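Chemist: Here's my sequence, what's the structure:
(chains A and B)
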Amino acid sequence: IAGITQAPTSQILAAGRRMTLRCTQDMRHNAMYWYRQDLGLGLRLIHYSNTAGTTGKGEVPDGYSVSRANTDDFPLTLASAVPSQTSVYFCASSDSNSVSEQFFGPGTRLTVL
Amino acid sequence: AQSVSQHNHHVILSEAASLELGCNYSYGGTVNLFWYVQYPGQHLQLLLKYFSGDPLVKGIKGFEAEFIKSKFSFNLRKPSVQWSDTAEYFCAARWGGSYIPTFGRGTSLIVHP
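Modeler: Down below sits the predicted model:
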């Protein structure tokens, strides 16, 4: 593994189904983030974590949950998917200080029908 | 709430033209600034960042940005664009000691050969 990996690459999901997007980093970064990217709206922060065991809500957290059991993994769960959650989801990581840049994963394209 | 504004949503240029993409951030004390690029179908990657020192920052691929504190601006420039610069460009800011950045909505750049 080099950098950040995300799985799956893409997924088509029926509304009401539960889905977990996986994210793993091998850079030992303390901070991890989940964003959704929608046309015209840029990147919006869903949830974040600054260290294992702690998480926080971003700009658009409703309908999503996260966990941070260890440094490397930061899964994002949609408990009951809705069509408005159709988006491209990016996981990112960084050192937890104000000068470090974020490193982004390749993204997961999710379609909820 | 602190914010980042990118006023140019879509920019279309011919090869060899000069580029300037605007980015303004709201006041909030000490700020660290970033420009990221997202090539078609890829994830975001860092172009350049400013956190102190020389306000003119040089990044990869011939890009540069100038931090003008009095104007709350961090505009991205390139003297001569190439077709391969076609991408989405995001400005981001972090204030104070926060490690969580705020992103602008992005600017889509299309360069015609």
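Chemist: where does chain A come near chain B, residue by residue?
Modeler: By CB under 8 Å from any CB of the partner chain, the residues of chain A that approach chain B are A:31, A:33, A:40-43, A:45, A:48, A:50, A:58, A:90, A:92, A:94-102, A:104-107. Every residue, glycine included, has its C-beta placed from N, CA and C.
Chemist: can you map out the strands along chain A?
Modeler: If DSSP state E is used as the criterion, the strands of chain A fall at A:4-7, A:10-13, A:19-25, A:31-38, A:42-51, A:54-57, A:64-66, A:76-78, A:87-94, A:103-104, A:108-112.
Chemist: hang on, the earlier thing: return a ChimeraX selection command for the buried portion of the residues of chain A next to chain B.
Modeler: Here is the ChimeraX selection string for the buried members of these, based on 16 or more other CB atoms under 10 Å in any protein chain shown:
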select /A:31,33,42,43,45,48,50,58,90,92,94,95,96,98,100,101,102,104,105,107
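Chemist: follow-up on the earlier one: could I get the strands of chain A as JSON lines with distance to residue B:61 and mean pLDDT?
Modeler: Shown next, in JSON lines, are the strands of chain A (distance: least, CB to CB, whole Å; pLDDT from 0 to 100):
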{"stretch": "strand A:4-7", "distance to residue B:61": "22", "mean pLDDT": "96"}
{"stretch": "strand A:10-13", "distance to residue B:61": "28", "mean pLDDT": "97"}
{"stretch": "strand A:19-25", "distance to residue B:61": "25", "mean pLDDT": "98"}
{"stretch": "strand A:31-38", "distance to residue B:61": "22", "mean pLDDT": "96"}
{"stretch": "strand A:42-51", "distance to residue B:61": "21", "mean pLDDT": "94"}
{"stretch": "strand A:54-57", "distance to residue B:61": "34", "mean pLDDT": "96"}
{"stretch": "strand A:64-66", "distance to residue B:61": "34", "mean pLDDT": "98"}
{"stretch": "strand A:76-78", "distance to residue B:61": "31", "mean pLDDT": "98"}
{"stretch": "strand A:87-94", "distance to residue B:61": "21", "mean pLDDT": "96"}
{"stretch": "strand A:103-104", "distance to residue B:61": "17", "mean pLDDT": "96"}
{"stretch": "strand A:108-112", "distance to residue B:61": "26", "mean pLDDT": "97"}
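Chemist: how about JSON lines for these, with distance to residue B:52 added?
Modeler: Output for these, formatted as JSON lines (distance: least, CB to CB, whole Å):
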{"stretch": "strand A:4-7", "distance to residue B:52": "27"}
{"stretch": "strand A:10-13", "distance to residue B:52": "41"}
{"stretch": "strand A:19-25", "distance to residue B:52": "27"}
{"stretch": "strand A:31-38", "distance to residue B:52": "21"}
{"stretch": "strand A:42-51", "distance to residue B:52": "22"}
{"stretch": "strand A:54-57", "distance to residue B:52": "27"}
{"stretch": "strand A:64-66", "distance to residue B:52": "32"}
{"stretch": "strand A:76-78", "distance to residue B:52": "34"}
{"stretch": "strand A:87-94", "distance to residue B:52": "18"}
{"stretch": "strand A:103-104", "distance to residue B:52": "22"}
{"stretch": "strand A:108-112", "distance to residue B:52": "36"}
